[in-house]
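Trainee: please find the sequence and the predicted model below.
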Amino acid sequence: MVTHDTGGNDPEMLPESFVARYLFSTDHKTIGLQYLWLALLSVFVGMAMSLVMRIHLAWPEMRIPFLSALGSSPERFATLPVLHGSLMVFLVL
């Protein structure tokens, strides 16, 4: 029987970085937490989009900074609801 005493300096047990621990993990608990945080972040982004849509409905002439680049084209009015709907359906539900 062979035993190896490395004195606690095992090269295979290096401290893991954030990227190695959370982004490339195959642990089911870590993956579940990643889905949870993604869903929560998506809920808050979707709520912000909903708030912007409601502000736009209440004050249609108000200039919205990130939508004003589209001008007054029809795409301007369709962009935010499509993004909001796809985010809420695919990432939250």
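Mentor: Right, received. Where do you want to start? Remember, it's a predicted structure, so these values are computed and weren't measured experimentally.

Trainee: pretty sure Ser25 sits against Ile31.
Mentor: Yes: taking Cβ atoms under 8 Å as the definition, Ser25 is a contact partner of Ile31 at 6.6 Å. Using the backbone N, CA and C atoms, a C-beta is placed for each residue, glycine as well.

Trainee: higher neighbour count, those two?
Mentor: Between Ser25 and Ile31, Ser25 has the larger neighbour count (other Cβ atoms under 10 Å), namely 15 against 12.

Trainee: name the SS class of that one, please.
Mentor: Judged by DSSP: H, G, I helix; E, B strand; the rest coil, the three-state class of Ser25 is coil.

Trainee: ok, now which ones touch it?
Mentor: 31, 34 (Cβ atoms under 8 Å, 6 or more residues apart in numbering).

Trainee: next up, the contacts around the nearest residue to Leu91 once chain neighbours are set aside.
Mentor: Beyond its immediate neighbours in the sequence, the residue positioned closest to Leu91 (Cβ to Cβ, 6 or more residues apart in numbering) is Ser42, lying 3.8 Å away. Listed by Cβ under 8 Å, 6+ apart, the contact partners of Ser42 are 87-88, 91-92.
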